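*Asks:* quick one, fold the following:
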Amino acid sequence: MKEVIKLLKENVNGYLATVDEGKPRVRPFGFMLEDEGKLYFCTNSMKEVYRQMIVTPYVEYSVTTKDMVTVRVRGEIKFCEDIGIKSKVLNVYEPVRIGYKSPDNPIFKVFYIEHGIATISDFSGMPPKKIEF
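*Replies:* Okay, here's the model as predicted:
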């Protein structure tokens with residue numbers, strides 16, 4: 001899991017896939033942080049992505065390094081209302097802090113991936129590494 005976290009921290013901008021009425025939806029998304037083995041992200045309750053995750057709480061998140069190492073993380077998401085975690089997330093990225101201002105902002109939603117599987121792959125010819133968390 002250390003390798004996954006390292007790659008996510010070094011490549012915070014990736015893509016999040018959700019399901020919308022049975023069809024895949026992918027959009028740019030940022031990784032926020034890892035805390036006690038949980039990978040945290042955030043969104044806004046006014047967005048379609050939030051509605052999609054409420055209806056179908058399974059996602060896949062992907063980043064690729066400049067060296068073409070790809071990390072994909074998939075699993076079930078859980079929303080987190082813990083003010084301590086929300087405060088940590090709020091302070092990771094300035095636009096998030098400016099946009100939401102406070103961890104108790106009702107539209108500020110933090111989620112993590114549970115029952116996840118991370119896959120690390122590259123062009124080395126070796127099989128992908130799979131890590132359950």
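
*Asks:* which ones are touching the residue nearest the centre of the chain?
*Replies:* Central residue of the chain (CA atoms, centre = their mean): residue 41, 4.4 Å from the mean position. Going by CB atoms under 8 Å, 6 or more residues apart in numbering, residue 41 touches 16, 29, 30, 31, 32, 61, 110, 111, 112, 113. All C-beta spots, glycine's among them, are computed from the backbone N, C-alpha and C.

*Asks:* what bridges to it?
*Replies:* Note on residue 41: beta-bridge partners by DSSP bridges are residue 111.

*Asks:* what's the distance between it and residue 23?
*Replies:* Counting by CB to CB, to the nearest Å, the gap from residue 41 to residue 23 is 21 Å.

*Asks:* run through who's touching stretch 75-87.
*Replies:* 35, 40, 53, 57-59, 103-104, 108-117.

*Asks:* strands - which of those residues land there?
*Replies:* If you go by DSSP state E, these have 35, 40, 58-59, 108-117 in strands.

*Asks:* reformat those residues as CSV; add pLDDT and distance to residue 85.
*Replies:* Compiled in CSV, the ones in strands among the contacts of stretch 75-87 are given as follows (pLDDT from 0 to 100; distance: CB to CB, whole Å):
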residue, pLDDT, distance to residue 85
35, 96, 6
40, 98, 7
58, 97, 21
59, 98, 18
108, 98, 11
109, 98, 12
110, 98, 6
111, 98, 10
112, 98, 8
113, 97, 14
114, 94, 14
115, 93, 18
116, 95, 17
117, 98, 22
